[in-house]
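J.: Here's a sequence, model it:
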Amino acid sequence: MEMEHDIEELVRASTELGGAETRSMAVDVALPGLPELAGEVQGVRGDVIHMVTYRRMQPALRLTAWVHLLAASAAEPERPLSAVTIGRAERRSTRTVKIAAIGPLGSDPASRRHTAEEQLRILMELFELGMAEPLPLYCKTSEAYAAARAAGADDAEVAGRQKWESSIDFDQEDRDRSHVVVLGGQLSYNDMVACSGPLGDDEQSRQFDPIETTRFGFYARLLWDALLGDERLVTR
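T.: Model prediction:
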């Protein structure tokens, strides 16, 4: 059966990529001007933050691994920590398993601490902004747009539109209930981007290459650029 085959492949990949005993890791990080970050990172095997799931690989899983790696690396920069997430491949893929691997964040403790704290600050600032207003961030759509930008695509709008606009047979993020409520209805991709508005003065102080002119593009790049630069995706 398909389910049994998929589970066997996930177990095989998990065994190959980490056999050490699983432990949890305490995290307590304080960055000036921001709330304290405290908790536990689970699934640590040696120096690898290891997660295996039957879910299909998706941006939310990869972001979770990224946050865990940043927090753990900031707490213990002397360890060359990395993260490996194993899930099922996307629908209609001819492969079974997809693996997302990140890190280590640098070649020495000082560089790992610097990168971890710099990226944690961005994420925590995004969190604080998101508690004050709905940010134009949509997990799958923003990732697709940022990934296309990182790959040098001429028209990243195409990649974003594919993850935003639903078809007759398949719902995408334009039909997500929370998005419909915040945006006041089911919007087209172009209308959603236009609704995000132009960059504010504070946002214009941060530059990307190529330059972003909308808040949708700005926040997609702010959230995803560093992760995309460090991550390796393998399907097998």
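J.: dump the residue contacts of the residue nearest the centre of the chain.
T.: Closest residue to the average C-alpha location of the chain: L63 at 2.8 Å, with CA atoms, centre = their mean. Residues in contact with L63 (CB atoms under 8 Å, 6 or more residues apart in numbering) are C139, L223, L227. Just so you know, the C-beta spots here come from the backbone N, C-alpha and C atoms, and that holds for glycine as well.
J.: any idea how far A148 is from F208?
T.: 13 Å (CB to CB, to the nearest Å).
J.: If you count surrounding residues, which of those two has more?
T.: A148 (19 against 14; other CB atoms under 10 Å).
J.: export the longest helix along the chain as CSV, just CAs?
T.: When the chain is parsed with DSSP state H, its longest helix is helix 109-132. Taking C-alpha atoms only, helix 109-132 is exported to CSV below (Å, rounded to 0.1, in the frame of the first residue of the first chain):
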residue,chain,number,x,y,z
PRO,A,109,31.3,30.0,17.5
ALA,A,110,31.5,33.8,17.0
SER,A,111,30.1,33.6,13.4
ARG,A,112,27.4,31.2,14.5
ARG,A,113,26.3,33.4,17.3
HIS,A,114,26.3,36.5,15.1
THR,A,115,24.2,34.9,12.4
ALA,A,116,21.7,33.3,14.9
GLU,A,117,21.2,36.5,16.8
GLU,A,118,20.9,38.7,13.7
GLN,A,119,18.2,36.4,12.2
LEU,A,120,16.4,35.9,15.5
ARG,A,121,16.1,39.6,15.8
ILE,A,122,14.5,39.8,12.4
LEU,A,123,12.0,37.1,13.3
MET,A,124,11.2,38.6,16.7
GLU,A,125,10.7,42.0,15.2
LEU,A,126,8.3,40.5,12.6
PHE,A,127,6.4,38.8,15.5
GLU,A,128,6.0,42.2,17.3
LEU,A,129,4.9,43.9,14.1
GLY,A,130,2.4,41.1,13.4
MET,A,131,0.9,41.5,16.9
ALA,A,132,0.2,45.2,16.0
